[in-house]
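**Q** Give me the fold of what follows.
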Amino acid sequence: MPTPYRYVTPVPVDAATGRVAEVYRQIARDFGMTRMPLFLTLSPAPDVLAATWALLRESLLVGEAPRAAKEIVAAGVSLANECPFCVDAHTVLLHATGEHRLAESIARGERPPDPEHARLFDWATGVTGGGRTPQCPPPCPQEQAAEHIGTALAFHFINRMVSSLLTADLLPAGLQRSRLVRRLGGGALSRAVRRKPPRGEALPLLRGLPAYREPGWAAGAPMGAAFAALLACAREGAALLDDEAVEAVLEAVAVWDGGHPPLSGWPSGPLADVAPARRPAARLALLAALAPYRVTDADVAAWRETGRGRSDADLVRLLAFGAISAVERVEAALDVPSR
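**A** Residues are numbered from 1 along each chain as shown. Predicted coordinates:
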C-alpha cells in the first residue's frame with residue numbers, strides 16, 4: 001500500500017522506545033490519533049520530534065483561545081505556505097469542532113464568512129509579510145494572543161517539514177478531497193478535539209534537550225519553553241553544512257519578503273558562491289526554508305551521494321535547520337517581543 005513518506009523510514013509505533021515512544025503515547029492521548037504522519041516522519045530525530053510536538057500541543061491544543069480559532073490560524077498559515085496536506089488536515093479538524101460551514105469555506109480556499117473568523121484568517125495568511133505589514137498582535141483578546149502566535153509559528157515550521165518529507169495526500173488516493181470523508185473524519189476526532197488537555201504536560205518530553213531563552217511573546221506559557229527547545233534543536237542541523245553554506249542560506253532567508261521564490265534561477269543564484277560539493281546540502285536547507293514543496297527526489301539523492309549516504313536523522317535535521325531559519329524570519333516580521 002502506498003504511504004505518504006517520501007525520504008525517511010519512520011520508527012514504527014509498536015517498536016518505539018525512549019523519547020520517541022513517550023511522544024507517540026502523548027500524541028495518541030491528546031490528539032486522538034495513534035499514527036500522525038508528520039510526527040512519524042520526524043521520528044528518526046527524536047529531539048526535533050519532541051520539540052515540534054511540544055510546541056504544537058502547548059499552542060494549538062491547550063489554553064483559553066477557542067480550538068476552532070486556532071485551527072483557522074493553522075489552516076491559514078498552511079494555505080499561505082502552499083501545504084495542501086496541512087490544509088486538508090485542519091479542514092478535518094475544523095469539522096471536528098463542529099464548524100462545518102467554516103471548514104468547507106477553507107477547503108475551497110475562501111475567506112471565512114464570519115467577520116471575526118475572517119480577521120484571524122487574514123492575519124494568519126499574512127504573517128510572513130509578503131509585501132504587506134502583518135497585523136500584530138493578532139485580532140483576538142490579549143490573553144489569547146500568545147496561543148495564536150505560537151500556533152502560527154508552529155505551523156510555519158510544520159508546513160515546511162511536511163512539504164519536504166510527505167506527499168500531498170492526507171489519505172490514500174486523495175480521499176480527503178471528498179466533503180463526506182472530511183466530515184466523517186472530523187466526527188471521528190470530535191471527542192479528542194473538544195477535550196482541553198492540561199498545560200505543560202509536553203515539557204517533560206524536552207528533558208535534556210538544548211534550549212534558548214524563552215520568547216517574550218509567550219508570556220511565560222509552556223509554549224515558550226517548547227519554542228526555545230525547537231529553535232535550539234533545529235539550529236543544530238547547521239552542523240551538517242560548512243560555514244560558507246550556512247551563511248548563504250541565512251543571507252537568502254534574511255532578504256526574503258514572505259513571497260514564493262521565482263521558478264527560474266533560484267536557488268542557484270543565492271548558492272553561487274557555495275562549493276559544488278557542499279551545494280546539495282545547502283540547496284535542501286534553502287528549499288526547506290523558502291520553497292519546501294519544490295524538494296525533489298533528485299535533490300535528496302544528490303545530497304545522499306555527496307554525503308556518502310547520510311542517515312534519515314541527518315536529513316530531518318538538515319531540513320529542520322532550513323525550516324527554523326524561515327520561522328525566525330517570520331517571528332521577526334511579526335515584531336513581537338523575542339529573546
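**Q** Could I get the contacting residues of the closest residue to residue 65 other than its chain neighbours?
**A** In space, not counting the residues next to it along the chain, residue 65 is nearest to residue 144; the distance is 3.9 Å by Cβ to Cβ, 6 or more residues apart in numbering. For every residue, glycine as well, the C-beta is placed using N, CA and C. When contacts are counted by Cβ atoms under 8 Å, 6 or more residues apart in numbering, residue 144 is found next to 63-65, 69.
**Q** Poorly predicted segments of the stretch 51-200 of the chain, please.
**A** Residues of the stretch 51-200 of the chain that meet the criterion pLDDT under 70 lie in 128-135, 169-176, 178, 180.
**Q** Would you state the helices of it in chain order?
**A** Ranges of helices within the stretch 51-200 of the chain are 67-80, 84-96, 100-107, 115-125, 145-165, 179-194, based on DSSP state H, counting those that start in this stretch.
**Q** Quick one: closest of those helices to residue 288.
**A** helix 145-165 (5.2 Å; Cβ to Cβ).
**Q** gap between the closest one and the chain center?
**A** Put simply, helix 145-165 sits 4 Å off its chain's centre (Cα atoms, centre = their mean, to the nearest Å).
**Q** relative to helix 84-96, how tilted is that helix?
**A** Calculated by axes from the mean of the first three to the mean of the last three Cα atoms, to 10 degrees, helix 145-165 forms an angle of 140 degrees with helix 84-96.
**Q** Show me which residues of stretch 215-230 are buried.
**A** 215, 217-218, 221-230 (16 or more other Cβ atoms under 10 Å).
**Q** can you give me the offset of it from its chain's centre?
**A** Worked out by Cα atoms, centre = their mean, stretch 215-230 lies 16 Å from the chain centre.
**Q** Now do that stretch: distance from first to last residue.
**A** Chord length of stretch 215-230, first to last residue, is 12 Å (Cα to Cα, to the nearest Å).
**Q** show me where the stretch 201-339 of the chain has helices.
**A** Going by DSSP H, counting those that start in this stretch, the stretch 201-339 of the chain shows helices at 222-235, 243-254, 279-290, 297-306, 312-334.
**Q** sorry, back to before: is it possible to get TSV of the contacts of residue 144 that adds distance to residue 163?
**A** Formatted as TSV, those follow (distance: Cβ to Cβ, whole Å):
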residue	distance to residue 163
63	27
64	31
65	26
69	24
